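# Kindly generate the corresponding structure for this input.
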Amino acid sequence: MTINAVTTGNLGSDPELKYTNDGTPVLNFSVASNDGWGDNKTTTWVRAAVFGKRAEALSKILAKGRKVQVVGPIVQREYDRREGGKGYSLDQRANDVELLDSTPEHQSSAPPPSNQAQRPSNGSQQAQGRKLPF
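Numbers count the residues shown, from 1 in each chain. Here you go, the predicted structure:
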């Protein structure tokens, strides 16, 4: 049995697209998920990986600062730190990745949308350039 987790946050750096020995694309990226406010604010980092054709497609649109929602199983891994002692990481196999912003924060705003309605590629009800009522 697999339990999926949902991670929402911003990419901490540009993703890295690599290929396995058999040629399978793998996209690796880190998501910073913030919780709390003021002095009680904490950030949890999750390392995510996407495989296959989706990895190649997402590598063209994901960038540092993009807000995403990642769904998939999370595994806690233990590793040896360079300075000694044990460290822990949260690794998530991204079965689903959804963009939650319209443009990366580090890029300027896109030009206003045209009058033509555009159909989103992910099948959602949200049309480009329209605000949702909630």
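# pLDDT weak spots in the protein?
Low-confidence segments of the chain (pLDDT under 70): 103-134.
# pull the longest strand from this structure.
Ranked by number of residues, the top strand in the chain under DSSP state E is strand 67-80.
# CA-only coordinates of that strand, as CSV, when you get a sec.
Only the C-alpha atoms of strand 67-80 are listed here, as CSV (Å, rounded to 0.1, in the frame of the first residue of the first chain):
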residue,chain,number,x,y,z
LYS,A,67,4.9,27.6,-7.0
VAL,A,68,4.0,24.0,-7.4
GLN,A,69,1.9,21.3,-5.8
VAL,A,70,3.5,17.8,-5.9
VAL,A,71,1.5,14.6,-5.2
GLY,A,72,3.2,11.3,-4.5
PRO,A,73,4.8,9.0,-1.9
ILE,A,74,7.4,10.5,0.5
VAL,A,75,10.3,8.6,1.9
GLN,A,76,12.6,9.8,4.7
ARG,A,77,16.3,9.0,3.9
GLU,A,78,19.2,9.0,6.3
TYR,A,79,22.7,10.1,5.1
ASP,A,80,26.1,11.0,6.5
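# I'd like the numbering to begin with 52 instead of 1 from here.
New numbering, starting at 52: the last item is strand 118-131.
# Pull up the pairing partners for that strand, direction included.
strand 55-62 (antiparallel), strand 137-144 (antiparallel), strand 147-150 (antiparallel) (DSSP bridges).
# No more questions from me, cheers.
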